[in-house]
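Visitor: Okay, predicted coordinates and the sequence, questions at the end:
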Amino acid sequence: MRKVIKVENQKKKVNVVIKKGDLVEVVRGNDRGKRGKVLKVFPREGQAVVEGVNMVKKHARPTQDNPQGGIMDKEGPVRISNLRLICSRCNQPTKIRRTAIPESRSRVRVCKKCGEIIDKV
């Protein structure tokens with residue numbers, strides 16, 4: 001009789017085009033149309049925390065920092081597939097293309113609509 005070993009919760013890194021500090025727009029879900037700055041990115045989970053999007057209630061007990069305690073509003077993570085990066089030139093949600101720059105031997109993110117380089121080298 002063979003032993004079957006299950007591997008659960010094995011997460012692999014997702015190719016992420018969104019970075020911390022980017023301006024993004026939500027394209028799916030309850031917060032559709034909202035724009036905000038990316039505060040944190042979780043590449044293994046394929047999620048990002050966006051400022052002012054997916055607000056959840058968090059119950060906090062009293063501490064020295066927060067002696068009152070109570071219920072606080074906090075941003076929850078959003079799937080990266082539901083976010084689109086906002087191009088600084090055309091000011092629209094866009095898909096991203098990666099292009100190599102020969103003189104610096106690095107790859108940069110480029111707007112597919114207008115061709116603007118998003119990463120400042």
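Guide: Nice, thanks for sending it over.
Visitor: Tell me the pLDDT of the residue minimising distance to the centre of the chain.
Guide: Central residue of the chain (Cα atoms, centre = their mean): residue 48, 3.1 Å from the mean position. Per-residue pLDDT puts residue 48 at 96.
Visitor: ok, and the closest non-adjacent residue to it?
Guide: Nearest-residue entry for residue 48: residue 41, 4.7 Å, with adjacent residues in sequence omitted and distances by Cβ to Cβ, 6 or more residues apart in numbering. Yep, even glycine has a C-beta here, placed from its N, CA and C like the rest.
Visitor: can you check residue 81 too?
Guide: That would be residue 46: by Cβ to Cβ, 6+ apart, it lies 7.1 Å from residue 81.
Visitor: try residue 87
Guide: Residue 87 sits nearest to residue 111 (Cβ to Cβ, 6+ apart), 4.1 Å away.
Visitor: Check the spacing between that neighbour and residue 24 real quick.
Guide: 13 Å (Cβ to Cβ, to the nearest Å).
Visitor: Between these two, point out the one with more neighbours.
Guide: Shown here are residue 111 and residue 24; by other Cβ atoms under 10 Å, residue 24 has more neighbours (23 against 20).
Visitor: which residues does that one contact?
Guide: Residue 24 makes contact with 18, 35-38, 48, 50, 83-86, 93, according to Cβ atoms under 8 Å, 6 or more residues apart in numbering.
Visitor: For residue 63, see how far away the residue nearest to it when sequence neighbours are not counted is.
Guide: Distances taken as Cβ to Cβ, 6+ apart put residue 83 closest to residue 24, at 4.5 Å, once the chain neighbours are dropped. When distance is defined by Cβ to Cβ, residue 83 is 33 Å away from residue 63.
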